[in-house]
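Peer 1: need coordinates for the below:
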Amino acid sequence: MPPRRLTTMKKGSEWVSKKPRKLKAAKDPNKPKRPPSAFFVFMEEFRTSFKEKNPNNKSVSVVGKAGGHKWKSMSEDEKVPYVTKAAKLKTEYTKKLATYNNNQSGGGSHAAGDEDESDKSKSEVNDDEEEEEGSEEEEEEDE
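Peer 2: Predicted coordinates for the structure are as follows:
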């Protein structure tokens, strides 16, 4: 990609240089999506029931406003099923995110981590053997 140049723009009667904008980092498509809140879990169900009752409605804003009013008028007891479902989705998300972060940092699964540790211990053993071989060679040279 070619380097970005400073652009100039006229501000009043003077020309002013403008810094180039920083580019956003690309999003990873494999990263798990954040879970919906209790309100959005409620809205999924509310949208279907609202569309059944009002099939001629084409406006998204009307559905959103009606759902917001319904959510505000609900008691805490009525909201409990949506809150519990949202909490369940959040725990699943945290597990998926933890495995994603482990894979991104190069940690991999636990089995792969164990193999790495065993390789390290093998290399330490090999280093010891090489040192011993080197000391035997020195002894042979001394004789």
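
Peer 1: so where do the helices sit in the protein?
Peer 2: Using DSSP state H, the helices of the chain run over 38-53, 60-73, 76-104, 110-142.

Peer 1: buried sites along the shortest one?
Peer 2: By neighbour count with 16 or more other CB atoms under 10 Å, helix 60-73 contains the buried residues Val63, Ala66, Gly67, Trp71. Where you see a C-beta, it was placed from the backbone N, CA and C, and this is true even at glycine.

Peer 1: show me what contacts the first one?
Peer 2: Just to be clear, that refers to Val63. Phe46, Arg47, Phe50, Lys51, Asn57 (CB atoms under 8 Å, 6 or more residues apart in numbering).

Peer 1: can you check the pLDDT for it?
Peer 2: With respect to pLDDT, Val63 scores 95.

Peer 1: ok, it to Pro35 distance?
Peer 2: 22 Å (CB to CB, to the nearest Å).

Peer 1: then the second one?
Peer 2: Noted for Ala66: a distance of 24 Å to Pro35, by CB to CB.

Peer 1: going by mean pLDDT, which of the helices of the chain comes out lowest?
Peer 2: What stands lowest among those, in mean pLDDT terms, is helix 110-142, with a mean of 48.
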